[in-house]
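# Got a predicted structure here, sequence first:
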Amino acid sequence: MSSIPSLARLRLESLALCLLAVPLFTLGLWEQPFIGFDGRFALFAQEMFRHGASAFPTSYGQPYPDYPATSTLLIDVFAQLFGEVNRLATVIPTALASAAIVGLLYRLLAERSRAWGLLAVLVLLLTNGFLAKARSICLDQFVTLAALGCFYLLWSADQRGLSRRRALVFLCMAAGFAVRGPLGLIEPCGVVCVYWLVQGDWRRSFGYGLVGAVVLALCCALLFGLAWRTGGLAFVEDVLRMQVSGRLDDTDGAGYPWWYFLQLGLYRYAPAFPLALLALPTLRHHWRLRQTQADSRLLLQLAGFATLILVALSIPTFKKPYYILPAIPACAALGAWVLLQGQGALAWVRRLFLPLLMIFPLVLGVLVKLQQPKLQAAGWWPELDLRFLLGAFAILTLFALVAAWRERGAFRLGMPLAAAALAQWLLVVLALDPMQALRYDTRAFVTRLESLRQGEPGQLVFLGLGQDTKAFRYLMNLDYDVPLPTFLDIGQAAQLAQVARPAYVLLDADSQAALAGTPLANRRPVLEGRFNDNRWQAYYLP
């Protein structure tokens, strides 16, 4: 590896990368509407913005047991600064955590080699799954930062003889818990235990795991105590079910197999995840050198970091794609090492990967050119001059080709990698994010219906629409409170005869047949339109 730069220089470079990453994760968000899963946290933030802080976020004025209020409090800080709850205010905390991950990853690796650190950051930014979550509301990014922070503290303490720094890992664990609940502590604690196991220090692995369990017990006691004060025993049981047992059991019945994350990572977290998988079989040689060579020891520690997250989270039947986000920085580091130092068969990976990087912006341009007419016909193409985007892709392709031809060493790979990452970012910011906003728009329908409700008041009745999903996406568009809506399953349509009137009944257009035999059977909807890429209908019951 190259010579180690001074610590002061490293601090400045890491801070600079962190600051540069912030606009990458926030540009273009101010005017965007809330879509998808972000709507849940938008509703939490709006209620806190209007009614003040609480120990748990609230929805419909009631405490919500799935998360502590920490992330909502962070959002509320920026919402108060902006004077409103908008998309940027809700995403900034996640964006800042993601930027800190970028800076910390560089800091960790640049102590061994600047080239390794920069390539790892570029691989991370090229990983679409990471970029997408960095530009949305994602609590698992805070867990990622906590896990990477624990790893960095242990590694830097070993390298510099700063033994007191190791105790700070328990603060990282507690911070992960504060944002994500028990899962936010367990993953960083697992990373710490595996760190010592790779070094063959079973005693420390057990000791840190035991102290981590104590910290977990204390945090849980505080969490359940706050839950008791918030809603009594019933709410404590809800918190236990949502944040503990619900994370282990497949309550939705999806039945994901144990290899789900292994399969998912090959495309959602490419190229970091596939490159890391290619690195694992080659680390056997480094096992013999781990006691004498710091680089070999760091590679093995990173492999243990990523493997622990992947294996441990593959055991429960309940799985979400973003659960393995904490492993992605370690995967990016391993992937960058493959591209930079890989020998033997891995040298062929580098030779194949470089041409792919050079043509990556061109491939994106071709795909956009082919799909744009279809997207425009569907009404999803944003107000964007296609020539500008294609021109940018052409310039980046030319830049990558020239760099690969003229540069040597790490720059020969780093420049095309930077061009590919920038091309993907441009596509996301200029096209994909606005397209998602158009396709999954909810604001237009809500604005029209609320206008009707202003003229003829009536309560909201959601028929066959989930209280924690689709109804959230309706209420997140309101900047005022509404009385608790009525929620009926689609099989309970007959109960429409008993709902308090006047009322506006909302349902998916595909469920219209369920209205047979109800007071709405012969009525026409007062409003019909697209809502979250579905057709919704609204009926008025005077």
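Received, thanks.
# so which strand or helix has the closest residue to Y152 other than its chain neighbours?
The shortest distance from Y152 to any residue other than its chain neighbours is 5.1 Å, reached at L108 (C-beta to C-beta, 6 or more residues apart in numbering). Placement of C-beta: from N, CA and C, glycine included. Following DSSP states H and E, the helix or strand that holds L108 is helix 87-110.
# mind showing which ranges of this structure have poor pLDDT?
By pLDDT under 70, the low-scoring segments of the chain are 1-5, 248-255, 409.
# Which residue ranges of it form strands?
Using DSSP state E, the strands of the chain run over 58-59, 62-63, 459-463, 486-488, 503-508, 527-531, 534-541.
# Could you list the buried residues of the helix holding L108?
The neighbour-count check on helix 87-110 (16 or more other C-beta atoms under 10 Å) flags 87-110 as buried.
# for stretch 147-162, same thing?
Under 16+ other C-beta under 10 Å, the buried positions of stretch 147-162 are 147-158.
# Which of the residues you listed sits closest to L362?
L148 (33.5 Å; C-beta to C-beta).
# Who are the contact partners of that closest one?
101, 104-105, 108, 326, 329-330 (C-beta atoms under 8 Å, 6 or more residues apart in numbering).
# Between which two of the residues you listed is the distance greatest?
Across the contacts of L148 (C-beta to C-beta), the longest gap, 14.3 Å, separates L108 and P326.
# ok, how many other residues are close to the nearest residue to R50 once chain neighbours are set aside?
Spatial nearest neighbour of R50, chain neighbours left out: D481 (6.7 Å); criterion: C-beta to C-beta, 6+ apart. Using other C-beta atoms under 10 Å, the number of residues around D481 comes to 13.
# Same question for W259.
W259: 9 neighbours (other C-beta under 10 Å).
# residue closest to the middle of the chain?
When C-alpha atoms, centre = their mean is applied to the chain, the residue found nearest the centroid is K133 (3.1 Å).
# my guess is that one meets L139, correct?
No: contact criterion C-beta atoms under 8 Å: K133 and L139 do not qualify, at 9.8 Å.
# and the strands of the chain as a markdown table, adding distance to Q80 and mean neighbour count?
Formatted as a markdown table, the strands of the chain follow (distance: least, C-beta to C-beta, whole Å; neighbours: other C-beta atoms under 10 Å):
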| stretch | distance to Q80 | mean neighbour count |
| --- | --- | --- |
| strand 58-59 | 17 | 20 |
| strand 62-63 | 21 | 16 |
| strand 459-463 | 28 | 21 |
| strand 486-488 | 31 | 18 |
| strand 503-508 | 32 | 22 |
| strand 527-531 | 30 | 18 |
| strand 534-541 | 33 | 20 |
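# Export those strands as CSV, with columns for distance to R443.
Below are the strands of the chain laid out as CSV (distance: least, C-beta to C-beta, whole Å):
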stretch, distance to R443
strand 58-59, 19
strand 62-63, 24
strand 459-463, 16
strand 486-488, 22
strand 503-508, 15
strand 527-531, 10
strand 534-541, 13
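# Next, the contact list for the closest residue to Y256 other than its chain neighbours, please.
Nearest non-adjacent residue to Y256, counting by C-beta to C-beta, 6+ apart: K319, 4.5 Å away. K319 makes contact with 254, 256, 260-261, 313, according to C-beta under 8 Å, 6+ apart.
# M415 now?
Taking C-beta under 8 Å, 6+ apart, one finds 399-400, 403-404, 407 in contact with M415.
# out of those residues, which are buried?
For the contacts of M415, a neighbour count by 16+ other C-beta under 10 Å gives the buried set as 399-400, 403-404.
# Inside helices: which ones of those?
399-400, 403-404 (DSSP state H).
# so which of the residues you listed comes closest to L81?
Closest to L81, out of all of those and judged by C-beta to C-beta, is F399, at 37.6 Å.
# pretty sure the closest one is touching A419, no?
Yes: between F399 and A419 there is a contact at 5.2 Å, judged by C-beta under 8 Å.
# Show me which residues of the lengthiest helix in the chain are buried.
Determined from DSSP H, the single longest helix within the chain is helix 202-240. Using 16+ other C-beta under 10 Å as the test for burial, helix 202-240 gives 204-205, 208-209, 211-212, 215-216, 219-220, 223-224, 226-227, 230-231, 235-236, 238-240.
# try stretch 444-464
Of the residues in stretch 444-464, those buried (16+ other C-beta under 10 Å) are 445-446, 449-450, 453, 458-464.
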